[in-house]
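Trainee: Predicted model, plus sequence, below.
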Amino acid sequence: MLDIPIIRQDFPILGHKVYDKPLVYFDNAATTQKPRVVVEKIRDAYYNVNANIHRGVHFLSQAATEAHEEARQTVQQFIHARSAHEIIFTRGTTEAVNLIASGFADAFMSPGDEVILSAMEHHSNIVPWQLQAARKDIALRVVPVNERGELCMESYRDLFSERTKLVALTHVSNVLGTINPVEEIIRIAHRHQVPVMLDGAQAVPHVQVDVQALDAEFYVFSAHKIYGPTGIGVLYGKEEWLEKLPPYQGGGEMIATVAFEKTVFNELPFKFEAGTPDYIGSTAFAEALRYVEGLGIERIAAHEQELLRYATERIQAAGPVRIFGQAAHKSSVLSFLMGDIHPYDMGMLLDRLGIAVRSGHHCAQPLMKRLGIEGTVRASFALYNTKEEIDTLIAGLEQIQTMFLKK
Ligand code: PMP
């Protein structure tokens, strides 16, 4: 079991008050809070090892380079990649998806080719493909979602055609919490010789990810959703695929030699890392991963599952609640509506009670359309949340409900 009161002391922000009420932070699917070790790592790196990395012959540059490359190895080990040069640092999930969409469309797609997405994708795994679809005249095929918020696997199987070139799906839904059956998804795609990209933004903080066991061609995620800093994320790709993809951006660092006649690109991973990378962010990111490993992702998941179970049970007893996302396998995300209270009203009123939830479409408008709603209220739990905080949420919901009933 995790010692939550002790763990909470690692997160200074959790001790804050808002509107004179203790902060209850349930917006973890948007971003997580940072433990002291991560913040201190950033400070330490700027104070003690700051110099631009690679190529520098001086001491500081070499120390900073070493720290950055060690961070790459930490990420490699965390997701069980075969080699560190299969880890590309990006600005986050969004940039990683754009990188793949752009390179993949250029290198492997012709007019009429198809990409399979799903109805539960975040906009960042829809819009990059639409941009390429418009440029290259490619088609997007969408796996529907059933009433429980699960992918319709029969439809998924039927979507494959001669023209299918890639499957790009979310591992875990940021709205519904659904943990998709990615092993099966990949197995089916591979039967059609189609590679798979998984959006792991909502998965990596909650489930053990082993990219080799999964056998995904690409896997992307963001540091800030797993207790790391903002502005950095990961594109994992199998070496053979990364070798075949063209560079995404040009500039320093991604080249071996430059002449006006011809430029030779650098080897992996540098081919995809144009410009000065976020070498401070990478070391803080590695610190966050070590923090998570120290607690154990399985123990974190067990704690979060218990919070989800408790919150789901209590909220259903609290009033006329509709829960969106009733999949058999769910991460710690609770999306709901109460009566006909608008999600923004709910969000604002909860905020006044010190409770931070997210309300709206959660960057998944096609999913909202499928569900026939404008938005939901979303409470998402992380390793430092407690049942007492859930009690505060429930009390808040009951209070708001009474207020609306009186109207
Ligand atoms: N995919 C999913 C499933 C997400 O939840 C998010 C963030 N809400 C993203 C992609 C985008 O991540 P980022 O903004 O860090 O690039």
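Mentor: Noted; the coordinates are in hand.
Trainee: So Leu140, which state does it fall into?
Mentor: Assigned by DSSP: H, G, I helix; E, B strand; the rest coil, the conformation of Leu140 is strand.
Trainee: Confirm for me that it is in contact with Leu131.
Mentor: No - contact criterion Cβ atoms under 8 Å: Leu140 and Leu131 do not qualify, at 11.2 Å. Every C-beta, even on glycine, is put in place using the N, C-alpha and C of the backbone.
Trainee: Grab the nearest non-local neighbour of Pro205.
Mentor: Ile226 (4.3 Å; Cβ to Cβ, 6 or more residues apart in numbering).
Trainee: can you tell me which residues contact the one you found?
Mentor: Contact partners of Ile226, counting by Cβ atoms under 8 Å, 6 or more residues apart in numbering, are Thr32, Val204, Pro205, Ala288, Leu289, Val292.
Trainee: How about Thr93?
Mentor: Ser124, Asp199, Gly200, Ala201, Val220, Phe221, Ser222, Gly233 are the contacts of Thr93 under Cβ under 8 Å, 6+ apart.
Trainee: Next: Gly275.
Mentor: In this structure, Gly275 makes contact with Gln249, Gly251, Gly252, Glu253, judged by Cβ under 8 Å, 6+ apart.
Trainee: neighbour-wise, which of the residues you listed leads?
Mentor: Glu253 (18 neighbours; other Cβ atoms under 10 Å).
Trainee: Give me the domain ranges for this protein.
Mentor: In the domain annotation for the chain, the residue ranges read 4-26+296-406, 39-293 (automatic domain parsing).
Trainee: Give me whichever of those domains is most buried.
Mentor: By mean neighbour count, with neighbours taken as mean count of other Cβ atoms under 10 Å, domain 39-293 ranks first of these at a mean of 19.
Trainee: And what about Ala327, helix, strand or coil?
Mentor: Under three-state DSSP, the three-state class of Ala327 is coil.
Trainee: so it sits right up against Gly177, yeah?
Mentor: Yes - assessed by Cβ under 8 Å, Ala327 is found in contact with Gly177 at 7.0 Å.
Trainee: The ligand contacts on the stretch 201-350 of the chain?
Mentor: With the criterion set to Cβ under 6 Å from any ligand atom, the stretch 201-350 of the chain comes near the ligand through Ala201, Gln202, Ser222.
Trainee: Need phi/psi at the last one.
Mentor: Recorded main-chain torsions at Ser222 are phi -120, psi 140, according to degrees, to the nearest 10.
Trainee: hey, what's it bridged with?
Mentor: Gly233 (DSSP bridges).
Trainee: Can you verify my assumption that it contacts Gly231?
Mentor: No - contact status for Ser222 versus Gly231: not in contact, 9.2 Å apart, counting by Cβ under 8 Å.
Trainee: Overlap of the contact sets of these two?
Mentor: Both Ser222 and Gly231 are contacted by Gly92, under the criterion Cβ under 8 Å, 6+ apart.
Trainee: returning to what we had before: and the contacts of Ile226, which two are the farthest apart?
Mentor: Taking Cβ to Cβ, the two most distant members of these are Thr32 and Leu289; they sit 12.5 Å apart.
Trainee: hang on, the earlier thing: and which of the contacts of Thr93 is nearest Gln76?
Mentor: When those are ranked by distance to Gln76 (Cβ to Cβ), Phe221 comes first, at 13.3 Å.
Trainee: List the contacts of the closest one.
Mentor: Thr93, Ala96, Asp199, Gly200, Ala201, Ala203, Val204, Gly233, Val234.
Trainee: TSV please, covering the residues you listed and showing secondary structure and pLDDT.
Mentor: Conversion of the contacts of Phe221 to TSV gives the following (DSSP: H, G, I helix; E, B strand; the rest coil; pLDDT from 0 to 100):
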residue	secondary structure	pLDDT
Thr93	helix	98
Ala96	helix	98
Asp199	strand	98
Gly200	coil	98
Ala201	coil	98
Ala203	coil	98
Val204	coil	98
Gly233	strand	98
Val234	strand	98
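Trainee: Ala302 falls within a helix, correct?
Mentor: Yes - according to three-state DSSP, the state of Ala302 is that of a helix.
Trainee: Report pLDDT for it.
Mentor: You'll see Ala302 listed with a pLDDT of 98.
Trainee: Between the two ends of stretch 263-276, how far is it?
Mentor: The straight-line separation of the ends of stretch 263-276 (Cα to Cα, to the nearest Å) is 19 Å.
Trainee: what does the average pLDDT come to for it?
Mentor: Stretch 263-276 carries an average pLDDT of 95.
Trainee: One more: stretch 305-319?
Mentor: On average, stretch 305-319 scores 97.
Trainee: What of stretch 391-407?
Mentor: Average pLDDT, stretch 391-407: 91.
Trainee: The closest residue in space to Val143 that isn't next to it in sequence: what's it in contact with?
Mentor: The shortest distance from Val143 to any residue that is not its chain neighbour, by Cβ to Cβ, 6+ apart, is 4.1 Å, and that residue is Ser118. Contacts for Ser118 (Cβ under 8 Å, 6+ apart) come out as Val142, Val143, Pro144, Val145, Leu151, Tyr156, Leu169, Thr170, Asn180.
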